[in-house]
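1. Need a 3D model of the following:
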Amino acid sequence: MHASVKLPDPGLLGLLLRVGEGLRAVVTLRRSASGARSTRRPPPGSVALVGAGPGDPDLLTVAAVKALAAAEVVLYDHLVGEGILDLVPATAERICVGKRSGRHSLPQEEISALIVARALAGRRVVRLKGGDPMIFGRAGEEIDALDAHGIPVTVIPGITAALGCAAGAGLSLTRRGVSRAVTFVTAHGRDGERFEPDWARLADPQGTLAIYMGRDQARAVGQGLTGAGLPASTPVLAVENGCRPDERRWRTTLGAMAGQGIAAGKGPTLLLIGGALAQRDGAQRDGLQGGAPAAVDRCAAGDLG
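-> Predicted coordinates for the structure are as follows:
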């Protein structure tokens with residue numbers, strides 16, 4: 001007696017074969033995609049342009065402290081005050097990119113390229129700048145480079161040198177009936193660029209001028225402003241290494257500065273000029289005019305001009 005075997009319906013068998021082939025194709029595609037992902041460049045990291053303030057770590061913003069604590073890479077300037085880098089994790093990569101008045105260890109293009117490269121490697125990058133990143137900090141050039149590569153960037157502001165130095169001296173940059181405007185000017189241009197501002201526009205008797213990196217240009221500033229009609233008796237406060245333990249201040253007048261300059265040391269020096277800078281009655285006397293302090297040749301605080 002022979003057993004009979006019932007064969008599956010030919011249509012059903014063809015359907016099952018086609019389903020099996022489809023499943024194999026799906027598995028092959030998934031494996032191929034997984035392999036492609038393993039060799040693909042990681043997604044971009046993030047970049048924060050962080051203002052380190054004028055030197056004192058206590059003047060950092062809460063946002064700046066948080067960004068430093070989370071950083072995997074920190075590119076910092078010489079103008080970052082002492083103690084601020086102590087807030088960076090020990091495991092983070094630290095890159096000093098220089099940028100001190102008159103001595104740039106790296107061209108701006110190379111600094112931007114370093115930021116982009118670290119971010120494209122998927123790392124959290126902090127670009128740490130003295131003062132505020134958006135005031136004479138060349139932040140715009142770095143933002144442009146990051147935008148060109150689709151890298152997200154945030155800006156964390158910092159206290160700029162003029163505000164920190166004025167606060168330290170207990171002086172307001174504006175005053176009713178005396179100063180109605182504040183103008184920030186850098187005396188340090190691009191390499192080879194001459195310092196030739198519009199003196200007539202800057203010589204406002206009802207305004208305050210903050211001249212960043214002004215030590216070497218002090219005589220030119222005095223001569224330009226008095227030549228444009230600003231009274232020679234206009235008060236001047238020069239602050240070297242503002243908001244640091246080695247801060248020094250000198251008081252003079254615009255006319256005296258035009259003839260003698262400022263006898264400051266080697267640190268970055270901010271010039272504050274205007275009627276609002278008149279010394280308060282009973283205020284502690286600042287450094288004597290013409291008294292030169294001991295030479296200071298350390299990383300200095302304040303914004304870069």
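
2. Kindly list the main-chain dihedrals of Gly207?
-> Main-chain torsions, Gly207, degrees, to the nearest 10: phi -140, psi 170.

3. How about the contacts made by the closest residue to it other than its chain neighbours?
-> Closest residue to Gly207 apart from its sequence neighbours, by Cβ to Cβ, 6 or more residues apart in numbering: Ala181 at 4.3 Å. Every C-beta, even on glycine, is put in place using the N, C-alpha and C of the backbone. Taking Cβ atoms under 8 Å, 6 or more residues apart in numbering, we find Ala181 in contact with Thr174, Asp204, Gln206, Gly207, Thr208.

4. Would you mind measuring from the closest residue to the third one other than its chain neighbours to Asp204?
-> So that's Gln206. In space, and not counting its chain neighbours, Gln206 is closest to Arg180: 5.2 Å by Cβ to Cβ, 6+ apart. In this view, Arg180 and Asp204 are 9 Å apart by Cβ to Cβ, to the nearest Å.

5. These two: who's more crowded?
-> Between Arg180 and Asp204, counted using other Cβ atoms under 10 Å, Asp204 has the larger neighbour count: 18 against 13.

6. Show the backbone phi and psi for the closest residue to that one other than its chain neighbours.
-> Once flanking residues are discounted, Asp204 sits nearest to Ala181: 6.7 Å by Cβ to Cβ, 6+ apart. The phi and psi values for Ala181, taken as degrees, to the nearest 10, are phi -150, psi 160.

7. And Val125, by the same measure?
-> Dihedral angles for Val125 - degrees, to the nearest 10 - are phi -110, psi 140.

8. Verify the contact between it and Leu114 for me.
-> No. Contact criterion Cβ atoms under 8 Å: Val125 and Leu114 do not qualify, at 9.0 Å.

9. Can you pick out the residue with more neighbours from the two?
-> Val125 (30 against 17).

10. List the residues that contact the residue nearest to Gly274 when sequence neighbours are not counted.
-> Distances taken as Cβ to Cβ, 6+ apart place Thr208 nearest to Gly274, at 3.7 Å, with adjacent residues excluded. Contacts for Thr208 (Cβ under 8 Å, 6+ apart) come out as Leu173, Thr174, Ser179, Ala181, Val182, Thr183, Leu272, Ile273, Gly274, Gly275, Ala276, Leu277.

11. Pipe those residues into a markdown table and attach pLDDT per row.
-> Formatted as a markdown table, the contacts of Thr208 follow (pLDDT from 0 to 100):
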| residue | pLDDT |
| --- | --- |
| Leu173 | 97 |
| Thr174 | 96 |
| Ser179 | 96 |
| Ala181 | 96 |
| Val182 | 97 |
| Thr183 | 97 |
| Leu272 | 98 |
| Ile273 | 98 |
| Gly274 | 97 |
| Gly275 | 96 |
| Ala276 | 96 |
| Leu277 | 94 |
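
12. From these, list the buried ones, please.
-> Buried residues within these, counting neighbours by 16 or more other Cβ atoms under 10 Å: Leu173, Ser179, Val182, Thr183, Leu272, Ile273, Gly274, Gly275, Ala276, Leu277.

13. Turn these into TSV, including distance to Arg249.
-> Shown next, in TSV, are these (distance: Cβ to Cβ, whole Å):
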residue	distance to Arg249
Leu173	15
Ser179	19
Val182	19
Thr183	21
Leu272	10
Ile273	14
Gly274	16
Gly275	18
Ala276	15
Leu277	11
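
14. Could you single out the nearest of those residues to His78?
-> His78 lies nearest to Leu272 out of the buried ones among the contacts of Thr208, by Cβ to Cβ, at 22.5 Å.

15. in a strand, that's where that closest one is, yeah?
-> Yes. With DSSP: H, G, I helix; E, B strand; the rest coil as the criterion, Leu272 is located in a strand.

16. hang on, isn't it packed against Leu209?
-> Yes. Under the criterion of Cβ under 8 Å, Leu272 makes contact with Leu209 at 7.3 Å.

17. Around Gly229, how many other residues sit close by?
-> Going by other Cβ under 10 Å, the residues that sit close to Gly229 add up to 11.

18. What residues does the closest residue to it other than its chain neighbours make contact with?
-> Sequence neighbours aside, Ala203 is the residue nearest to Gly229 in space, at 5.4 Å (criterion: Cβ to Cβ, 6+ apart). If a contact means Cβ under 8 Å, 6+ apart, then Ala203 has Leu225, Ala228, Gly229, Leu230 as its contacts.

19. Need the buried ones from the residues you listed selected in ChimeraX.
-> To isolate the buried members of the contacts of Ala203 in ChimeraX, using 16+ other Cβ under 10 Å:
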select :225,230
